[in-house]
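Novice: Structure, please.
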Amino acid sequence: MRFKGKPIECKMELPSKIKNNEKSIQQGFSPSGNGDLISTRKFRALMVDNDPICQIIEKAILESQGVETQFVGSGIDALNLLATGASFDIIVIAWVLPMMNGVETTRQIRAMGIRCKLLAIIACFDERKKHEFLDVGVDEFIEKPLNPKKVASIMREMKNG
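Specialist: Predicted coordinates:
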């Protein structure tokens, strides 16, 4: 992978239960080691984040939970994709995005009638920003980086909900 013309290497250490059991990863087993299937079906996620390092980490975490993941780098790209009829079980959206921030993108996603689970992620916790996101329809607010245990919890909740 390249960033600003320079090669980059990103390494991420996943929990040992995930790292050592490729079959479990492919089947979507819980990283808690309790053997529970997160889902009997494949969840689809849209990640709206323009940071290439965060994309690598977020993709690894979601895919370790058996979630099929698609990325876009801006709110405009997300809205255009959703306008084509693409559907997702969960949308994870960053605060900082080019052209349109995450709050405005979220507002427009909800105005389109899309009611899937929507998670906001932000690099530094800020109570004001949290409330701005929650006020426009975000279901949960999470500080970056995504946490594998938090993602597993959300996926279990979606499976059971």
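Novice: only C-alpha atoms for contact and neighbour calcs from this point on.
Specialist: Noted.
Novice: Figure out the helix or strand that the residue positioned nearest the centre of the chain lives in.
Specialist: What sits nearest the mean C-alpha location of the chain, by C-alpha atoms, centre = their mean, is V92, with 3.8 Å. Per DSSP states H and E, V92 falls inside strand 90-94.
Novice: Show the average pLDDT along that strand.
Specialist: Throughout strand 90-94, pLDDT has a mean value of 95.
Novice: ranges for the strands of this structure?
Specialist: With DSSP state E as the criterion, the chain has strands at 2-3, 6-7, 44-48, 68-72, 90-94, 117-122, 140-143.
Novice: of those strands, which approaches N160 most closely?
Specialist: Smallest distance to N160 across those (C-alpha to C-alpha): 13.3 Å, for strand 117-122.
Novice: Need the residues that contact that closest one.
Specialist: Contact with strand 117-122 is made by 89-96, 102, 133, 137-146, as judged by C-alpha atoms under 8 Å, 6 or more residues apart in numbering.
Novice: could you check the angle strand 44-48 makes with that strand?
Specialist: Using axes from the mean of the first three to the mean of the last three C-alpha atoms, to 10 degrees, one finds that strand 117-122 and strand 44-48 are set 30 degrees apart in direction.
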